Each structure stands twice: as structure tokens, then as C-alpha cells.
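Trainee: Sharing a sequence plus its predicted fold:
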Amino acid sequence: MSDAMPERFDLNRYQQEAARTGGSDLKPENREKGIQCAALGLCGEAGEVADLIKKAVHHRAPMNEAALKKEAGDVLWYIAHLCNVMGWDLRDVAEGNVAKLRTRYPDGFNTADSIARRDVAPVAQWQTSDAHGTVEVSVRLPR
């Protein structure tokens, strides 16, 4: 088998390729350490994406699209590792996200649908008071 990457491959193939470089901390059997590593790495790489955009917008530097693309790949790498640690298929996560967004925005994005959040169960809220003070209660109701 050649070490060359295929021209195109699906998300699960990407996840397998990412797992090859993840090390033992990013495996399901090391879940606690793996979740921490994946989450902190994801935050760090997302910060690098934000920093490149900040430099272009606020420092008026030219947008470094090549660097931005590489950092976006690093974000994807850590998301793939989070999926590996959790035992999820990256493709299933992506498909679930598309289904959620189709429910939330059936006709494409608009502000009203963003506020309505059809994909999230409604919340019941109330206040109750007693001799110890007032408590606000929020309960997410099942759909």
C-alpha cells in the first residue's frame, strides 16, 4: 500500500489518518486524558485561527490564507481525535450536525429561526421564594 494520500477521501478515512498520528493519549482506553488533550488542543488551534483573522482585520495585515487553511486543518485534526477518544465516527458527527441545522433552519439561516431553536427542547422557568430567599428554576422539557 502506498503512503500517498488518495486525492479525495471521506471523513472516516480522515479520522483514521488522524488517529495514526495521535499517540496513546488520544485513544478510547485513555478517555479522560484524551478528552482533555483533544479539547485543549482544539482551543489552542481555534485560537490560532482567530489570531490570523485578528491580524488581517485589526492589524490590517494581508490575510494569510495558506496559514489559515493549515490551522483549519489542525482544528479538524483535534475534532477527529475527540471523536476517536469518544468512540464516535466523524462522519456520524457531521451528519448529525447537518440534521440539527436542517431542523433549526429549514429554509436556510434567518434570525427568527436562530432565536426559536427548534432543535432544542423548550425551557420552563419560574421563581420560588421561601424564608431563605428567592430561587430561579429552569427545567429543560422533553420534546
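Mentor: Received it, and whenever you're ready, just let me know what you need.
Trainee: And the helices in this structure?
Mentor: In the chain, the helices defined using DSSP state H lie at 11-19, 31-57, 65-86, 90-104, 111-116.
Trainee: May I see the ones you listed organised as TSV, with mean pLDDT added?
Mentor: Below are those laid out as TSV (pLDDT from 0 to 100):
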stretch	mean pLDDT
helix 11-19	92
helix 31-57	96
helix 65-86	97
helix 90-104	94
helix 111-116	86
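Trainee: Reformat these into JSON lines and put mean neighbour count and distance to residue 133 next to each item.
Mentor: All C-beta spots, glycine's among them, are computed from the backbone N, C-alpha and C. Shown next, in JSON lines, are the helices of the chain (neighbours: other Cβ atoms under 10 Å; distance: least, Cβ to Cβ, whole Å):
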{"stretch": "helix 11-19", "mean neighbour count": "17", "distance to residue 133": "50"}
{"stretch": "helix 31-57", "mean neighbour count": "15", "distance to residue 133": "36"}
{"stretch": "helix 65-86", "mean neighbour count": "17", "distance to residue 133": "40"}
{"stretch": "helix 90-104", "mean neighbour count": "14", "distance to residue 133": "37"}
{"stretch": "helix 111-116", "mean neighbour count": "10", "distance to residue 133": "31"}
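Trainee: Kindly present the ones you listed as JSON lines, with separate columns for distance to residue 131.
Mentor: JSON lines is the format used below for the helices of the chain (distance: least, Cβ to Cβ, whole Å):
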{"stretch": "helix 11-19", "distance to residue 131": "55"}
{"stretch": "helix 31-57", "distance to residue 131": "42"}
{"stretch": "helix 65-86", "distance to residue 131": "45"}
{"stretch": "helix 90-104", "distance to residue 131": "43"}
{"stretch": "helix 111-116", "distance to residue 131": "37"}
